[in-house]
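Enquirer: Everything below, folded, please.
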Amino acid sequence: MVLHLKKNILLFVVAILPVLGFSQDVTIVNQFIRSMTDAQKEQIVYEFNADDRDDWHFLPWSSYERQGLSLKELRTEQKELVHKLLRSSLSATGYKQTTEIIGLENVLAASSGDPVYRDPERYYVSIYGDPTQEDVWMWSFEGHHVSLHFTTVADAVSYTPRFFGSNPGRIMEGERKGFSPLVHEEDMGLQLIHMLSSEQRKTAIISNKTYNDIISFNKPVAEKPAPEGILVNNLTDDQKKLVMDIIYEYASTIPADQAMASISKIRKEELVEMRFAWAGATELGKAHYYRIQGKTFMIEFDNSQNNANHIHTVWRDFDGDFGRDLLKEHYTNHEHQH
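Expert: Residues are numbered from 1 along each chain as shown. I've put the predicted structure just below:
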């Protein structure tokens with residue numbers, strides 16, 4: 001009974017979402033800005049139109065120079081504000097996933113013997129624009145296997161690109177054996193490929209080998225791949241449901257209202273063109289990759305490296321990463337008003 005009630009509430013929320021719009025709470029980010037010294041502000045806060053606003057990566061801190069300051073360079077109260085900002089910008093699931101991935105740096109430090117390279121405080125925060133004065137601004141949080149970008153444009157927010165990775169993909173020994181922050185993303189993908197008939201697999205499996213990473217990598221603009229794989233509309237009802245469950249697993253890292261609005265839009269506008277594509281092996285422990293691609297977005301999952309125990313996942317919007325579509329609409333409307 002409770003489950004049905006929750007479902008009805010969610011459907012009601014989705015129905016009214018387009019009227020409400022979305023926005024980020026600027027209170028926390030403004031507190032964070034006010035806490036900065038002038039020197040810190042110079043290193044964290046940039047002009048919104050800075051050339052490097054769409055530079056991003058998921059490599060460890062010493063392998064890629066990032067804008068902003070790391071948690072290591074912030075005072076204790078400032079670190080707490082960054083975590084408050086993360087909690088307010090993500091769902092509880094998204095925040096938990098973020099902190100679990102960061103926590104794996106301790107696992108890597110222990111196994112590699114290099115706590116400097118594998119430092120859970122080498123995650124960087126940067127802000128573009130002035131949230132105290134402007135309705136267009138962005139903040140980013142990124143480091144090894146976490147790259148999050150939140151672009152506010154008036155009463156709307158873009159959450160892409162959104163990258164999560166996990167190394168190890170699953171902890172193989174010790175008290176936490178079997179643990180993975182991205183276990184559902186992997187298991188549900190494997191479940192789906194195993195649900196397909198042999199005939200369906202002939203279309204869905206586009207390569208016997210993976211690409212050794214996500215194909216969109218860290219490009220500022222995600223290129224839309226040629227349509228490959230099986231059309232979701234050609235799947236059975238149970239298979240379609242699992243595809244949507246996988247999409248929701250990725251969407252559930254952002255606030256619930258945004259996630260449900262995204263799912264509702266996908267159901268209405270994307271299903272005709274949406275495809276599921278697979279590459280590599282179809283079993284755990286061997287390199288595998290999958291992609292769900294719609295008209296406007298793409299989800300990628302790769303587990304190819306480190307003997308197929310190193311996961312990369314990403315959600316890309318072809319026109320909307322870093323709020324590009326929102327900005328275009330905003331500036332067009334602004335011009336029309338003058």
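Enquirer: Tell me, how many residues neighbour residue 172?
Expert: 12 (other C-beta atoms under 10 Å). Yep, even glycine has a C-beta here, placed from its N, CA and C like the rest.
Enquirer: show me what contacts it?
Expert: residue 309 (C-beta atoms under 8 Å, 6 or more residues apart in numbering).
Enquirer: So which residues of this protein form strands?
Expert: 45-46, 69-70, 124-128, 136-143, 146-153, 156-158, 162-166, 205-207, 230-231, 275-280, 288-293, 297-303, 311-317 (DSSP state E).
Enquirer: Out of these, which is closest to residue 105?
Expert: strand 136-143 (8.3 Å; C-beta to C-beta).
Enquirer: just to revisit the earlier point, quick one: closest of the strands of the chain to residue 110.
Expert: strand 162-166 (16.0 Å).
Enquirer: Next, the angle strand 136-143 makes with the closest one.
Expert: Put simply, strand 162-166 runs at 10 degrees to strand 136-143, going by axes from the mean of the first three to the mean of the last three C-alpha atoms, to 10 degrees.
Enquirer: Which neighbouring elements make contact with the longest helix along the chain?
Expert: The longest helix of the chain (DSSP state H) is helix 92-112. Using 3 or more C-beta pairs under 8 Å, 6 or more residues apart in numbering; DSSP states H and E, the elements in contact with helix 92-112 are helix 76-89, strand 146-153, strand 162-166.
Enquirer: can you dump the C-alpha coordinates of the second one into CSV?
Expert: As requested, C-alpha coordinates have been extracted for strand 146-153 and formatted as CSV (Å, rounded to 0.1, in the frame of the first residue of the first chain):
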residue,chain,number,x,y,z
VAL,A,146,34.4,12.0,-9.7
SER,A,147,33.5,14.9,-12.0
LEU,A,148,30.4,16.9,-11.2
HIS,A,149,29.2,20.1,-12.8
PHE,A,150,26.1,22.1,-11.8
THR,A,151,25.2,24.9,-14.1
THR,A,152,22.4,27.3,-12.9
VAL,A,153,20.6,29.3,-15.5
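Enquirer: Run the chain-centre distance for that strand.
Expert: 9 Å (C-alpha atoms, centre = their mean, to the nearest Å).
Enquirer: what's the angle between it and helix 92-112?
Expert: Going by the same axes, to 10 degrees, strand 146-153 makes 150 degrees with helix 92-112.
Enquirer: Packing partners of strand 146-153?
Expert: So strand 146-153, by 3+ C-beta pairs under 8 Å, 6+ apart, packs with helix 76-89, helix 92-112, strand 136-143, strand 156-158, strand 162-166, helix 324-336.
Enquirer: List of residues touching the longest one?
Expert: So the one you mean is helix 92-112. So helix 92-112 is contacted by 86-87, 90, 115, 117-120, 122-123, 141, 143-146, 148, 164-168, 171, 176, 181-182, 252-254 (C-beta under 8 Å, 6+ apart).
Enquirer: Provide a ChimeraX selection command restricted to the buried entries of the residues you listed.
Expert: Buried members of the contacts of helix 92-112, defined by 16 or more other C-beta atoms under 10 Å, are picked up in ChimeraX with:
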select :86,87,90,117,118,119,120,122,123,141,143,144,145,146,148,164,165,166,167,168,171,181,182,252,253,254
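Enquirer: As TSV, the strands of the chain with mean pLDDT would be great.
Expert: Shown next, in TSV, are those (pLDDT from 0 to 100):
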stretch	mean pLDDT
strand 45-46	98
strand 69-70	98
strand 124-128	98
strand 136-143	98
strand 146-153	98
strand 156-158	95
strand 162-166	98
strand 205-207	98
strand 230-231	98
strand 275-280	98
strand 288-293	98
strand 297-303	98
strand 311-317	98
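Enquirer: got those as TSV, with distance to residue 198 columns?
Expert: Conversion of the strands of the chain to TSV gives the following (distance: least, C-beta to C-beta, whole Å):
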stretch	distance to residue 198
strand 45-46	53
strand 69-70	50
strand 124-128	47
strand 136-143	42
strand 146-153	38
strand 156-158	40
strand 162-166	31
strand 205-207	10
strand 230-231	12
strand 275-280	13
strand 288-293	18
strand 297-303	23
strand 311-317	27
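Enquirer: Give me the pLDDT value at residue 64.
Expert: Residue 64 is assigned 88 on the pLDDT scale.
Enquirer: Show the contacting residues for it.
Expert: Contact analysis of residue 64 by C-beta under 8 Å, 6+ apart lists residue 57.
Enquirer: Swap in 10 Å and give it another go.
Expert: Listed by C-beta atoms under 10 Å, 6 or more residues apart in numbering, the contact partners of residue 64 are 55-58, 124, 142-144, 218.
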